[in-house]
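Asks: Predicted model, plus sequence, below.
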Amino acid sequence: MNVDKAKKRIAKQVKKGFCGYPKISLEYFGKTAGLASEVVIFFTSEEGAEPQEQKLVSEKDTREDETVQSTLVKIIERASASTVMEVEGVSIIT
C-alpha cells in the first residue's frame with residue numbers, strides 16, 4: 001500500500017475521536033523530534049483492561065516508511081478497532 005494512502009486511512013480513523021472499544025493508540029518515538037525511529041501500538045480491548053503493546057522499528061522515519069504504515073493499517077483493521085488515537089509529534093528517547 002502506498003505510504004500516503006496508508007497515512008490518510010490512519011488519519012481518517014484518528015479524526016473520528018473516541019468511539020468506544022477496542023481502542024488502538026499510536027505513539028512515535030525517536031532520538032530527535034524530526035525522526036521517529038519506532039512506533040509503539042497500544043491495544044486496549046475494553047475499558048479498564050491492561051493494554052497490549054507492540055513495537056515497530058525502522059532505520060528510517062517510521063512515519064514515512066511504507067512497510068510500517070501499511071502494517072499499522074492492517075493491525076487496525078484486524079483488531080476491528082472502534083477508536084484509533086495518535087499521540088502528537090515524536091516522543092524523545094533518552
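Replies: That came in fine, so what should we check first?

Asks: out of everything not next to it in sequence, what's closest to the residue nearest the centre of the chain?
Replies: Centrality entry for the chain: nearest residue to the mean C-alpha point is residue 26, 3.1 Å, by CA atoms, centre = their mean. What sits nearest to residue 26 in space, not counting adjacent residues and going by CB to CB, 6 or more residues apart in numbering, is residue 86, at 4.6 Å. In this view, the C-beta of every residue, glycine as well, is placed from N, C-alpha and C.

Asks: neighbours around that neighbour, how many?
Replies: Per other CB atoms under 10 Å, the neighbour tally for residue 86 reads 17.

Asks: now swap in residue 36 and tell me
Replies: As a burial measure, residue 36 scores 24 neighbours (other CB under 10 Å).

Asks: give me phi/psi at it?
Replies: Backbone geometry at residue 36, expressed as degrees, to the nearest 10, gives phi -90, psi 110.

Asks: Could you find the closest non-adjacent residue to it?
Replies: That would be residue 28: by CB to CB, 6+ apart, it lies 3.7 Å from residue 36.
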